[in-house]
Structures are given as C-alpha cells and as structure tokens.
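Q: Predicted model, plus sequence, below.
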Amino acid sequence: MGINCHTCKARTSQLCSVFEGDSIEKLFSVAHPVSVEKGGYLLHEEDSTKYVYNLSSGVSAVERLASDGRRQIMAFVYPGDFIGISSGSSYSISDRALTDVTACKWHMRDIEALYETHPELEHRVHEIATRVLAATMDQIFVLGRKNAVEKIAYFLLYIDKRQVKYDGHTDEFTLPMTRADIADYLGITVETVSRAFSLLKKQGLIELSQSWVVRLVDKELLADVADHYGPD
C-alpha cells in the first residue's frame, strides 16, 4: 500500500505539519502504512500501547465495551486524527473502520527518537493528548446536559465541520456511521435517533435521504436547537 505524504489528507495534521517540505520523509521512514477494510479494526482493546496511528484516509470509530457488553463510541476519527496515546500499558479502547481506512503506524519509541532533532514534535504529541481530553469533556457535557433532539442537532453540526475537511462538501454529505453508531455515541437508543431525525426533518432544518445523505438546510436554526430545544 502506498501513501504519498505530499498528497495525504493528514499532511497538515498536528503531527505531520511539524515536518516542513521533504523533511516529512524522516517521519514516514519510520512509519508502517496499514490498511483496514470497513468493519475491521485498526487496534483492539487490550493491545499494547507501544504503537500510535495517524489516519490517512477513511473514517473510524473509537469505542469501548462495558462489562455488561454495551458499547460506547468515544469519538469518530477522520484523516489527520492521531490515535493510540495512552498512559497505560494496554489500550482501553478499540478503533473500528466505518469505511475502508488507511493509516500510518509508528512505534512510540521511533516517534520519541525524533524529539531531539524536532523538539516541536514532543510539544505536538502532548498537545494532541490534551485535545483528546478536552474532546472527552465536551462529550460528557453533551451526554449529560442535552436532550435527544439537542444531541442530534449538535452531532450533525459537529460532523459537518469534521467531514467538510474530509470530502470538501458544501451543501450535503453522506454520514459514514449508522444510526446504531450515533446512538452509541450520544447515549440514546436507535429509535430515539430516528425520532429526532424525523422531527428535525419535519421542522425543515435538515433533509435526509434513504441512502443516509444529509443536508443541513438551516445551520443557524440548527445551532439554536443544539443550544437549547426544550424538555423531552
């Protein structure tokens, strides 16, 4: 599998942008390009945390299983997102491909070996870890303080911002995740996801096709809904 750093969608990511011009080859020379088909896993819970990943193409979901078997999706991962930073010896999460994905995989010791010649890299890695924590706090707020319709409105605006960098869409985009994925991300049922989508469609704020193509008709009003819709 070939990955061209100069045309890769992750080239401007926090990690890769440390390396200017052809110096990116220093990072790529210690990388292990990997590809995973839709439905497969880039990494599994309990795997050793010695490896880290930067998604090059496709979309994946970071998920975790509870002791009772229920799934919680922690994040949706797009090209340029860095995965695998952990303080423990094994991952507490898995990463499942929602589409076919490609990624660069590094042994953490190879990343750390570049800190001496590229000190900014160490700063970026710590910055990435901080952003992951901030994103987790945002999700906790959404799960705890918003009702179902607010959650779906928030989710659509969030994915719109993430995905526009991925596919360059303007008016509409295809959701790469299923209703079940959305439910497991927002902490609601699949039926509640469907009802919330139907209500937003009825209000004329979105359009949604059978093929899971969504169009955000009025982002300003959708943002108002995301901020406060009202009691369930």
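A: Okay, I see it.
Q: quick one: the helices in this protein?
A: Ranges of helices in the chain, per DSSP state H, are 24-28, 108-113, 119-145, 148-167, 179-186, 190-202, 219-227.
Q: looking at these, which is buried most?
A: Comparing those by mean neighbour count (mean count of other Cβ atoms under 10 Å), helix 179-186 ranks first with a mean of 20. Yep, even glycine has a C-beta here, placed from its N, CA and C like the rest.
Q: Centre of the chain to that helix, how far?
A: 13 Å (Cα atoms, centre = their mean, to the nearest Å).
Q: before we move on, what about stretch 98-106?
A: 12 Å.
Q: Please apply the same query to stretch 55-68.
A: 8 Å.
Q: State the mean pLDDT of stretch 44-58.
A: Averaged over stretch 44-58, pLDDT sits at 92.
Q: first to last residue in it, what's the distance?
A: Length of stretch 44-58, first residue to last, Cα to Cα, to the nearest Å: 18 Å.
Q: same check, this time on stretch 79-98
A: With Cα to Cα, one end of stretch 79-98 sits 13 Å from the other.
Q: Where does the record place the domain boundaries for the protein?
A: 16-142, 147-227 (automatic domain parsing).
Q: How about the spatially most central residue of the chain: which residues does it bridge to?
A: Geometric centre of the chain, nearest residue: residue 77, 2.1 Å, by Cα atoms, centre = their mean. Assessed by DSSP bridges, residue 77 has beta-bridge partners residue 60.
Q: Please identify which of the helices of the chain is closest to residue 209.
A: helix 190-202 (10.5 Å; Cβ to Cβ).
Q: For residue 185, see how far away the residue nearest to the centre of the chain is.
A: Distance from residue 77 to residue 185, counting by Cβ to Cβ, to the nearest Å: 12 Å.
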